[in-house]
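Peer 1: With the sequence up front, the predicted model follows.
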Amino acid sequence: MNPGASATDTIAAIATPVGSGGIGVVRISGPQALWIARRVTRRDRDPRPRYAHLVAVYDGNDALIDQALLLFMPGPRSYTGENVAELSCHGGPVALRRVLDSILAAGARPAGPGEFTLRAFLNGRLDLAQAEAVADLVAAPTPAALAVAANQLAGRLSDAVRDMRADCLDLLAQMEAEVDFDEDEVPAMDRAVVAATLDSLHQRLEDALASAGRGIMQRHGVRVALVGSPNVGKSSLMNALLSTDRAIVTEIPGTTRDVLEESFDLDGVPIVLNDTAGLRETHDPVETLGVERSSRALEGSDAAVLVLDASRPLLRNDETAAARVRQAAKPTIVALNKRDLPHAIRADDVRDLAPGAPIVRTAAIREDVNELRQALRHVIGLDGADGGLALVASVRHQEALTRAPGRQPGPPPGGAPRPPGDFKNHCVPGPGASPRA
């Protein structure tokens with residue numbers, strides 16, 4: 001929100017993406033939304049709520065701007081919890097800008113980034129986890145990430161945390177009643193039931209956290225750097241993984257001078273590939289810049305693929321590239337590329353270049369990168385992962401659940417069930433907490 005702005009102001013913004021389209025939506029939210037909508041459309045009576053009305057939109061000089069559909073949604077049954085009016089105009093940027101200018105001239109102020117969703121949160125229409133999911137839904141890079149965000153927006157994570165919190169409060173109430181009242185007034189708690197409830201809470205927490213790794217990868221993606229000496233086929237390998245000719249490929253060493261970035265979907269996880277310039281010692285100032293950028297891309301990656309040309313013996317430049325990869329200390333795959341040509345090196349010849357790294361054979365055609373795809377699944381942790389929908393897809397949510405006290409099964413062996421000393425902390429709002437909780 002802009003400095004000096006108030007949460008009670010009436011705000012407006014173009015709600016559809018920049019550019020031309022068939023339809024563009026201008027949204028107004030706040031106490032004056034209805035009055036402003038009537039003002040710019042010159043309507044003499046209130047529109048019927050949640051019905052589309054064909055209207056004309058005018059500027060302050062009564063000049064016609066556009067025809068539009070007006071939809072009015074009175075609060076609190078609206079996205080923001082306030083009065084909301086939306087004008088669905090023709091989707092040209094000039095028309096939308098002029099409609100918005102007319103609305104602002106009538107008394108609204110420009111909405112800040114995310115302010116409609118902020119108001120939905122402040123007015124209790126969304127909890128914090130759901131508000132975060134709105135941005136994730138818009139920016140979802142894969143269908144799997146979209147499904148995770150949609151479920152979080154629908155309240156799946158919030159409901160799970162709320163259910164655990166309710167069980168904690170129920171246990172706490174029973175324990176305090178047993179302490180405060182005589183046995184004749186309040187029956188003693190069944191210790192077996194308490195133990196089972198604590199075990200269930202522990203298991204539900206662990207199940208939620210078990211999905212976090214995959215969920216976070218689905219949300220943010222995994223950066224993978226293709227590194228190696230010049231002319232080993234990194235760009236060809238990238239094109240094969242993408243199933244399209246994205247990178248320029250020639251027989252001339254050093255064709256790639258800058259870092260090229262592109263993504264593909266691996267089992268619902270967006271893999272962000274960085275095709276880098278060949279790593280070697282050079283005195284060419286332009287190539288030196290490319291090598292420096294390649295090194296930075298390697299440092300910023302989550303994993304690396306060390307590409308070697310299997311059709312020729314290892315060269316000093318291969319050793320240089322491997323040394324850079326070892327120094328970066330990233331999870332690594334060694335790709336013996338150009339498998340379609342006679343082999344000059346074997347897997348045993350390269351094990352010392354990246355100790356412990358899986359070694360695969362590849363070629364610059366789609367069918368010959370399946371082994372590399374499987375190695376990527378293994379290196380980033382998708383092997384054996386539950387393919388179901390992740391419950392947790394945010395580092396903040398993961399940390400909040402990890403901090404939950406007493407993340408151990410209920411009773412110690414042979415003893416009565418003992419809740420943690422700070423058991424009450426179980427009952428504070430979790431990742432999906434609403435400001436009214």
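Peer 2: Great, that's in hand.
Peer 1: Quick check: chain neighbours aside, which residue is closest to the residue nearest the centre of the chain?
Peer 2: Centroid check for the chain by CA atoms, centre = their mean gives Arg219 as the closest residue, at 2.7 Å. Distances taken as CB to CB, 6 or more residues apart in numbering put Ala393 closest to Arg219, at 4.5 Å, once the chain neighbours are dropped. C-beta: built from backbone N, CA, C; applies to glycine.
Peer 1: what do you get for Leu171?
Peer 2: Using CB to CB, 6+ apart and skipping the chain neighbours, the partner closest in space to Leu171 is Thr197 (6.0 Å).
Peer 1: mind listing what Glu183 touches?
Peer 2: Contacts for Glu183 (CB atoms under 8 Å, 6 or more residues apart in numbering) come out as none.
Peer 1: mind checking which helix or strand it is in?
Peer 2: Assessed by DSSP states H and E, Glu183 sits outside every helix and strand.
Peer 1: where does it sit relative to Ala177, distance-wise?
Peer 2: Distance from Glu183 to Ala177, counting by CB to CB, to the nearest Å: 11 Å.
Peer 1: just Thr320 next, same as before
Peer 2: 71 Å.
Peer 1: Angles on the backbone of the residue lying farthest from the centre of the chain, please.
Peer 2: Most distant residue from the mean C-alpha position of the chain: Asp184, 54.3 Å away (CA atoms, centre = their mean). Note on Asp184: its backbone torsions stand at phi -70, psi -30 [degrees, to the nearest 10].
Peer 1: Same question for Ala310.
Peer 2: Main-chain dihedrals, Ala310, degrees, to the nearest 10: phi -80, psi -10.
Peer 1: Check it and give its pLDDT.
Peer 2: In this model, Ala310 is scored at 89, pLDDT.
Peer 1: Spatially, what comes nearest to it if we skip its sequence neighbours?
Peer 2: Using CB to CB, 6+ apart and skipping residues adjacent in sequence, the residue nearest Ala310 is Leu336, 3.9 Å away.
Peer 1: do the same with Arg377
Peer 2: Nearest one to Arg377, counting by CB to CB, 6+ apart, is Asp383 at 5.4 Å.
Peer 1: Give me the neighbour count for the one you found.
Peer 2: Applying other CB atoms under 10 Å, we find 11 residues neighbouring Asp383.
Peer 1: Which helix or strand contains it?
Peer 2: Asp383 belongs to no helix or strand, assigned by DSSP H and E.
Peer 1: any idea how far Ile28 is from it?
Peer 2: 50 Å.
Peer 1: what does the domain assignment say about this structure?
Peer 2: The record's domain parsing of the chain by automatic domain parsing lists 11-122, 126-211+389-437, 221-380.
Peer 1: Among those, show the one with the smallest mean pLDDT.
Peer 2: domain 126-211+389-437 (a mean of 76).
Peer 1: Might you calculate how far it sits from the centre of the chain?
Peer 2: Centre-to-centre, domain 126-211+389-437 and its host chain are 22 Å apart (CA atoms, centre = their mean, to the nearest Å).
Peer 1: Excluding chain neighbours, what is closest to Arg38?
Peer 2: Nearest residue to Arg38 in three dimensions, chain neighbours excluded: Asp46, at 7.2 Å (CB to CB, 6+ apart).
Peer 1: One more: Thr80?
Peer 2: Spatial nearest neighbour of Thr80, chain neighbours left out: Arg119 (4.1 Å); criterion: CB to CB, 6+ apart.
Peer 1: tell me which element that neighbour falls in.
Peer 2: Taking DSSP H and E as the definition, one finds Arg119 inside helix 115-122.
Peer 1: Against which helices or strands is that helix packed?
Peer 2: Contacts defined by 3 or more CB pairs under 8 Å, 6 or more residues apart in numbering; DSSP states H and E place helix 115-122 against strand 11-14, strand 21-29, helix 128-139.
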